[in-house]
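Participant: here's my sequence, what's the structure:
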Amino acid sequence: MPRVQLPAVTPKRRAWNKGRIIGQKRPLLPKQVWAIRARLELAGNLRDLALYNVAIDSNLRGCDLVKLLVADLVKDGRVRERASVVQSKTRRPVRFELSDCTRDTVIAWTRSPEMIGCRYMFPSRFHDRQHISTRQYGRIVRDWVSSIGLEASGYRTHSLRRTKVAEIYRKTGNLRAVQLLLGHTKVDSTVRYLGVELDDALSIAESIDI
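Facilitator: Below is the predicted model of the structure:
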C-alpha cells in the first residue's frame, strides 16, 4: 500500500510583539518626571538620581549618555552650567544646559566614595567594563517607569531623550530650538521624532466643536 505524504506542519511561533506596545515611545509627563525623581531621592540612590537628571536635561541618546566622562560635566570641582558632547551617531557636537537640581546631584555623586578614581560619570559595577552599558541603562529606565505604576513596554531610553524637548515644543512651538537641542541636522527629523504633525492635528480637532 503506497504511503501517503502528509504536508509539513509548521508550528506557530508567538509573535515577537504580542502583548507589547510598539512604535515610538512616549515621553514622560512633568508629574511623572517628578514622581520618579522623588522615589530616587527617598531611596538615596545617588548614581541613579544623577543618571536620571542628566538624561532629562541633556536629551542625549543612551549610547552617548552612558559614555559621559566626569570631565564633560565637571571642571575645577564645579559642575558646568552648560556642557557640550560630540554625538557618536552624527559626529556633531550638541550642547545642553544642566539645571540647578541636576548640578547638585552630579556634584554629590562625583564626590561619593564609589566615584574615587573614575573617569566615567556612570561607571559599571562589573570589573571588565568602564561604564554602564546601553542595555543596563535600558533596564534601569524600565525599573524607573515601573516604580510609579507605568507600563514599562510603553517607555524606553528614548522616552527620557524626548521628555524635555516635547515639553519645550508643547509650550513654545519652537521646532528650531528642539532641533538644536536634539542635535538633528534636518528639521524634518525633528518633526518625525516628536510626532508633532499628529499631535498638532489632534489638538486642532479637539478645539473644533461642530
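
Participant: wait, L69 sits on C118?
Facilitator: No. Between L69 and C118 there is no contact under CB atoms under 8 Å: 9.4 Å. Just so you know, the C-beta spots here come from the backbone N, C-alpha and C atoms, and that holds for glycine as well.

Participant: these two - which one has more neighbours?
Facilitator: Set L69 next to C118 and count neighbours by other CB atoms under 10 Å: C118 wins out with 16 against 13.

Participant: A strand includes the more buried one, no?
Facilitator: No. Using DSSP: H, G, I helix; E, B strand; the rest coil, the secondary structure at C118 is coil, not a strand.

Participant: around the closest residue to it other than its chain neighbours, how many other residues sit close by?
Facilitator: Computed as CB to CB, 6 or more residues apart in numbering, the closest residue to C118 that is not its neighbour in sequence is V70, at 6.7 Å. Each residue near V70 was counted by other CB under 10 Å, and the total is 17.

Participant: contacting residues for V70?
Facilitator: The contact partners of V70, by CB atoms under 8 Å, 6 or more residues apart in numbering, come to T110, M115, C118, R119, Y120, M121.

Participant: filter these to the buried ones?
Facilitator: Neighbour-count burial (16 or more other CB atoms under 10 Å) is assigned, among those, to T110, M115, C118, Y120, M121.

Participant: distance to A38 and pLDDT added to these, as TSV?
Facilitator: TSV is the format used below for those (distance: CB to CB, whole Å; pLDDT from 0 to 100):
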residue	distance to A38	pLDDT
T110	22	96
M115	23	94
C118	27	93
Y120	27	96
M121	22	96
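
Participant: and for C101, the neighbour number?
Facilitator: The tally of other residues near C101 (other CB under 10 Å) stands at 14.

Participant: got it, and N174?
Facilitator: Residue neighbour count, defined by other CB under 10 Å, stands at 12 for N174.

Participant: and it, what's its pLDDT?
Facilitator: With respect to pLDDT, N174 scores 80.

Participant: same check, this time on I107
Facilitator: Model confidence at I107, given as pLDDT, is 96.

Participant: which residues in the chain form strands?
Facilitator: Listed in chain order, the strands found in the chain under DSSP state E are 74-75, 78-79, 82-86, 93-97.

Participant: sheet-wise, list the partners of the last one with their directions.
Facilitator: What that stands for is strand 93-97. Strand 93-97 has its sheet partners listed here by DSSP bridges as strand 82-86 (antiparallel).

Participant: report the rounded mean pLDDT for the partner strand.
Facilitator: Per-residue pLDDT values over strand 82-86 give a mean of 92.

Participant: buried set for it?
Facilitator: A83, V85.

Participant: check stretch 148-156 too.
Facilitator: Of the residues in stretch 148-156, those with enough neighbours to count as buried (16+ other CB under 10 Å) are L150, Y155, R156.

Participant: and those as TSV, adding pLDDT?
Facilitator: TSV is the format used below for the buried residues of stretch 148-156 (pLDDT from 0 to 100):
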residue	pLDDT
L150	94
Y155	92
R156	92
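
Participant: summarise which helices and strands the longest helix along the chain is packed against.
Facilitator: Across the chain, the helix with the greatest residue count (assigned by DSSP state H) is helix 157-172. With contacts defined as 3 or more CB pairs under 8 Å, 6 or more residues apart in numbering; DSSP states H and E, the secondary structure elements packing on helix 157-172 are helix 46-58, helix 62-65, helix 134-147, helix 175-182, helix 187-194.
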